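Asks: Only the shape, not the letters, is given here:
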């Protein structure tokens, strides 16, 4: 079980980009439902755990719930503002300000690296 106080040890830096490592994903407990996994990750990341929407995975007929973990709040908010105003956001600061996570109905988690 990962505790909020030890999250820093699971981050890596790639240039200026702060990312959760594969060790984080490997250390997560096994979940049985989307709700169980999302609730746990919300307890770790609080307001930085952001729901983006859901879609059907055609390969296994499950709903996939899409989230992002915000690592750089000012850059992420600026990118979101630009998206609302112009329909797009350019630059690597916005792209690298968060890390996407997909949770399947059965609790399986896939983190984008």
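Replies: Alright, I've got the coordinates. Fair warning: this is a prediction, and the values are worked out from it, not measured in the lab.
Asks: For the protein, which segments count as helices?
Replies: With helices called from DSSP state H, the chain shows them at 22-27, 34-45, 73-86, 92-95.
Asks: Those helices into TSV, with extra columns for mean pLDDT?
Replies: Formatted as TSV, the helices of the chain follow (pLDDT from 0 to 100):
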stretch	mean pLDDT
helix 22-27	95
helix 34-45	98
helix 73-86	91
helix 92-95	83
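Asks: any chance of the ones you listed in TSV, plus distance to residue 111?
Replies: Every C-beta, even on glycine, is put in place using the N, C-alpha and C of the backbone. TSV is the format used below for the helices of the chain (distance: least, CB to CB, whole Å):
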stretch	distance to residue 111
helix 22-27	5
helix 34-45	10
helix 73-86	17
helix 92-95	16
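Asks: mind checking which of those is nearest residue 106?
Replies: Closest approach to residue 106 among the helices of the chain (CB to CB): helix 34-45, 7.8 Å.
Asks: Tell me the helices and strands packed up against that closest one.
Replies: Contacting helix 34-45 under the criterion 3 or more CB pairs under 8 Å, 6 or more residues apart in numbering; DSSP states H and E are the following elements: strand 49-57, strand 62-70, strand 98-104.
Asks: Which among these is found nearest to residue 18?
Replies: Closest to residue 18 of the helices and strands packed on helix 34-45, according to CB to CB: strand 98-104, at 8.6 Å.
Asks: Near residue 104, how many other residues are there?
Replies: Neighbourhood size, residue 104 [other CB atoms under 10 Å]: 18.
Asks: What distance do you get for residue 35 to residue 41?
Replies: Distance, residue 35 to residue 41, by CB to CB, to the nearest Å: 11 Å.
Asks: cool, residue 110 as well?
Replies: Relative to residue 41, and taking CB to CB, residue 110 is found at 13 Å.
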